[in-house]
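Visitor: here are the coordinates; sequence isn't available:
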């Protein structure tokens, strides 16, 4: 049975991804910054028939928390097959580039960018023990510099500098990590689940969590011939589903 760790999985897209992976027969570690909340969610899922899910405490901004989660999974499983870096924050609004404070930007980067690096580096050894290691970095279409430079783009003019720049940086990390690991059986991709109605955005957005989770899984559970170092978006109306960087 393959094992998965999903950070920020106690609600919204992360939770739905947990449910869908459980239904596919994978063992899922539901990462939650607050363990009690995570365990309550798992209890509710069990009551609804979902199995092979375990809550694990992980605060992606805290080295000790990440290391403790890594040690627990190593002790229980010996390896990790799939890492989905889903935890993310929006930050304070508004985020105009000319006035947003450096501490605000740093706060968002600590979760959305440094948090992903912290978790990924901590779990690389366990992922290398898998026959088919996969890393899905959950990003946003707002992280595309190409689209932000296009006045015809439907989200052109959004200036959430903390969030946008953190996701652009995350995409850069994805590309460089995929290149570093290209000679190993890793698949590393940036995945934008699309503009989805969740608690994150006060339930704005046309997309559903079911569609978002399905899209994440599609571009994470790849076979050995699957792509790596790509940027996929659920908002791209193209057969390739690839977003420009």
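Guide: Perfect, thanks for sending it. Bear in mind that the values here come from a model prediction, so they are computed numbers and not experimental data.
Visitor: Now do the helices for the chain: every range, in order, please.
Guide: Here the chain has its helices, by DSSP state H, at 12-23, 35-47, 63-77, 102-112, 114-127, 145-148, 161-180, 209-218.
Visitor: Pick the most deeply packed of those helices.
Guide: For these, the largest average neighbour count (mean count of other Cβ atoms under 10 Å) is found in helix 12-23, namely a mean of 23. All C-beta spots, glycine's among them, are computed from the backbone N, C-alpha and C.
Visitor: On the pLDDT front, check the most centrally placed residue in the chain for me.
Guide: In the chain, the C-alpha nearest the mean C-alpha coordinate belongs to residue 86, at 2.5 Å (Cα atoms, centre = their mean). Predicted confidence (pLDDT) for residue 86: 98.
Visitor: which residues does it contact?
Guide: 6, 7, 8, 9, 13, 14, 17, 31, 138, 216 (Cβ atoms under 8 Å, 6 or more residues apart in numbering).
Visitor: hang on, the earlier thing: any chance of the helices of the chain in CSV, with distance to residue 243 and mean pLDDT too?
Guide: Output for the helices of the chain, formatted as CSV (distance: least, Cβ to Cβ, whole Å; pLDDT from 0 to 100):
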stretch, distance to residue 243, mean pLDDT
helix 12-23, 17, 98
helix 35-47, 30, 98
helix 63-77, 28, 98
helix 102-112, 17, 98
helix 114-127, 18, 98
helix 145-148, 7, 96
helix 161-180, 9, 98
helix 209-218, 12, 97
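Visitor: so which of those helices comes closest to residue 239?
Guide: Closest approach to residue 239 among the helices of the chain is made by helix 209-218 (13.2 Å; Cβ to Cβ).
Visitor: residues of stretch 228-239 that come out buried?
Guide: 228, 229, 230, 231, 232, 233, 234, 235, 236 (16 or more other Cβ atoms under 10 Å).
Visitor: Now the last one: closest residue in space that isn't a chain neighbour?
Guide: Nearest residue to residue 236 in three dimensions, chain neighbours excluded: residue 243, at 5.4 Å (Cβ to Cβ, 6 or more residues apart in numbering).
Visitor: All set, thanks.
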